[in-house]
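K.L.:
sequence unknown, structure follows:
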DNA sequence: AAAAAAATCCCGTTTTCCCCCTATTTTTTT
DNA sequence: AAAAAAATAGGGGGAAAACGGGATTTTTTT
């Protein structure tokens, strides 16, 4: 398992000296990993990284000069192959999301042990994404919540195909788009009276008795945006 | 790191005998883990699991009798403390989501190595969620995609607070909820004429000249659902 | 204190919405 | 082939919306 670690070069970006040196000591205790450089300033970090071109950057999220996410973003823009692992004190949802969005490969909580650090580095070198378990859990929970919210909406979608005829859906859509009865009847080449009858029937079926309600239904049913 | 593995009991559910025995051999090669039972049928699995009460269930997602997700769901309902790790051939999005939803603690691809199996078991015993890296990556990607879609909508939200006065927003909301001018004027204790004037003014400001458009705008602005 | 913006008020006209009725033709289902 | 559902067609009438105009009071900003 340790065989896939071979001469991995790392740059550490972390402003608190003691923490930085601690991390450095930990990292260097792992066989096959070399720390190329270390810095505590965001802007300086970019210079150092672009010059030394490490495999992996361990990047504190809260650093002076340029914040960690901004640094990560620029690293990935200039050198997409450089793997970035964020180091953070807390499982702040916004930070997690922003980090993942700019393309970091890992997100480690600072109370992780040395084993996790090693695992994270190995993971990202394998092109994987490594998240500390609490982070991972949060992402998964959020993932589930979002999909479930989405699925609820789908039920209305299905429903509209069951209760309304194609013609009715067509007309409902036009109503929801803001067209008047007259406009719609002209567009569909039917008389105004039929349009009126259609609208009335749609309202009966859906038990909605005003345009506002029809529009809200049409949006939920994804007939309009 | 290996010290937190102590007498972990496992049940393996997998219908292909060779695969099952292979997994069994792998698992038993890990120190401190004991395989209590094994079966290849979903319904039988529930009996076995409820009788033997293992710490962890390794559960193939495609099994006869009852499908894996259904089995997982019942296990978590009856015995929430039993950890379930799904075994799957592919990174099927629907399976992943459904599994996570019913509360499984791990999702492993079958081409994972023994190290990953060990890691997954240790992870779930620590109350963490373990996903095979490709699975993890997919979940993260999906997570980002969903949040980004959500953020787009927020822009309209802000806008409504800039262009409409509080009173106008209040009225727009009531209109979008389907109330008539008369109803709203009564509710707000203002004359019908003012309501009319308000509506007219809102329409002018937004450059929207029908109820349908107002409702769509109100929904985008999150004034109504 | 002056100016600007928001909220209030009134009226008359045209258009659209919404509901009521009956009825025929076409399509789908049984 | 018969029955049911959908789409077509028409008319009448009351309520509400939409638009035009003009005006006052209150609040906020400058």
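P.N.:
Thanks, I have the structure now. Note that the coordinates shown come from a computational prediction; the quantities given were computed from them, not determined experimentally.
K.L.:
for the rest of this, base every contact and every neighbour count on C-alpha atoms.
P.N.:
Fine.
K.L.:
what parts of chain A come near DNA strand D?
P.N.:
Within chain A, the positions adjacent to DNA strand D are A:164-168, A:189-194, A:196-198 by CA under 7 Å from any atom of the strand.
K.L.:
what about chain A, any weak spots by pLDDT?
P.N.:
A:1-5 (pLDDT under 70).
K.L.:
quick one: contacts for residue A:104?
P.N.:
By CA atoms under 8 Å, 6 or more residues apart in numbering or on different chains, residue A:104 lies in contact with A:72, A:76, A:83-86.
K.L.:
among the residues of chain A next to DNA strand D, which one lies nearest to residue B:6?
P.N.:
Proximity to residue B:6 was ranked across these by CA to CA; first place goes to residue A:164, at 60.3 Å.
K.L.:
neighbours of the closest one, how many?
P.N.:
For residue A:164, the tally of surrounding residues (other CA atoms under 10 Å in any protein chain shown) stands at 16.
K.L.:
measure it to residue A:170 for me?
P.N.:
10 Å (CA to CA, to the nearest Å).
K.L.:
and the helices in chain A?
P.N.:
Along chain A, the segments classed as helices by DSSP state H run A:17-28, A:42-52, A:68-78, A:93-102, A:114-125, A:133-163, A:166-176, A:181-188, A:192-206, A:211-220.
K.L.:
compute the inter-axis angle for the fourth one and helix A:68-78.
P.N.:
Orientation check (axes from the mean of the first three to the mean of the last three CA atoms, to 10 degrees): helix A:93-102 against helix A:68-78 gives 10 degrees.
K.L.:
distance of residue A:140 from residue B:45?
P.N.:
27 Å.
K.L.:
so between the two, which is more surrounded?
P.N.:
Using other CA under 10 Å as the criterion, residue A:140 and residue B:45 rank with residue B:45 on top: 25 against 21.
K.L.:
I'd assumed residue B:36 was in contact with the more buried one.
P.N.:
No. Checked against CA atoms under 8 Å, the pair residue B:45 and residue B:36 is beyond contact range at 12.0 Å.
K.L.:
now do the same contact list for the residue lying closest to residue A:176 once chain neighbours are set aside.
P.N.:
Leaving aside its sequence neighbours, residue A:176 sits nearest to residue A:215 (CA to CA, 6 or more residues apart in numbering or on different chains; 4.6 Å). By CA under 8 Å, 6+ apart, residue A:215 lies in contact with A:175-177, B:212, B:215-216.
K.L.:
what of residue A:33?
P.N.:
A:5-10, A:27.
K.L.:
make it 6 Å
P.N.:
By CA atoms under 6 Å, 6 or more residues apart in numbering or on different chains, residue A:33 lies in contact with A:7-9.
K.L.:
same question, residue A:37
P.N.:
Residue A:37 touches residue A:11, counting by CA under 6 Å, 6+ apart.
K.L.:
recalculate using a threshold of 10 Å.
P.N.:
Applying CA atoms under 10 Å, 6 or more residues apart in numbering or on different chains, we find residue A:37 in contact with A:9-13, A:24, A:45, A:48-49, A:52, A:54, A:57.
K.L.:
for residue A:133, same thing?
P.N.:
A:107-109, A:112, A:116, A:139, B:123-124, B:126-130.
K.L.:
how many neighbours does the residue of chain A found nearest DNA strand D have?
P.N.:
Of all residues in chain A, the one sitting closest to DNA strand D is residue A:190 (3.3 Å; CA to the nearest atom of the strand). Neighbour count for residue A:190, taken as other CA under 10 Å: 12.
K.L.:
need the max-distance pair from the contacts of residue A:104.
P.N.:
The widest separation within the contacts of residue A:104, taken as CA to CA, falls between A:76 and A:86 and amounts to 12.8 Å.
K.L.:
mind checking which of those two has more residues around it?
P.N.:
Shown here are residue A:76 and residue A:86; by other CA under 10 Å, residue A:86 has more neighbours (27 against 16).
K.L.:
now that one: how far from residue A:60?
P.N.:
In terms of CA to CA, residue A:86 sits 6 Å off from residue A:60.
K.L.:
between the two, what contacts are shared?
P.N.:
What both residue A:86 and residue A:60 touch, as defined by CA under 10 Å, 6+ apart, is the set A:13, A:68-69, A:72, A:107-108, A:110.
K.L.:
tell me the phi and psi of the closest residue to residue A:20 other than its chain neighbours?
P.N.:
Spatial nearest neighbour of residue A:20, excluding adjacent residues (CA to CA, 6+ apart): residue A:14 at 5.6 Å. Main-chain dihedrals, residue A:14, degrees, to the nearest 10: phi -160, psi 130.
K.L.:
roughly how far apart are residue A:48 and DNA strand C?
P.N.:
51 Å (CA to the nearest atom of the strand, to the nearest Å).
K.L.:
how about the contacts made by that residue?
P.N.:
Per CA under 10 Å, 6+ apart, neighbours of residue A:48: A:11, A:13, A:36-39, A:42, A:54.
K.L.:
ditto for residue A:56
P.N.:
A:8-12, A:35, A:49, A:81-85, A:105, A:121, A:124-125.
K.L.:
what is the end-to-end distance of stretch A:167-185?
P.N.:
Distance between the boundary residues of stretch A:167-185 (CA to CA) amounts to 12 Å.
K.L.:
got it, and stretch A:53-64?
P.N.:
22 Å.
K.L.:
which parts of that stretch are buried?
P.N.:
Of the residues in stretch A:53-64, A:53-63 count as buried by neighbour count, 16 or more other CA atoms under 10 Å in any protein chain shown.
K.L.:
ok, now stretch A:41-51?
P.N.:
For stretch A:41-51, the neighbour count (16+ other CA under 10 Å) marks A:41-46, A:48-49 as buried.
K.L.:
same check, this time on stretch A:110-126
P.N.:
Within stretch A:110-126, the residues that count as buried by 16+ other CA under 10 Å are A:110, A:116-118, A:120-125.
K.L.:
ok, the residue nearest to residue A:112 when sequence neighbours are not counted to residue A:146 distance?
P.N.:
Computed as CA to CA, 6+ apart, the closest residue to residue A:112 that is not its neighbour in sequence is residue A:132, at 7.5 Å. Applying CA to CA, the value for residue A:132 to residue A:146 is 21 Å.
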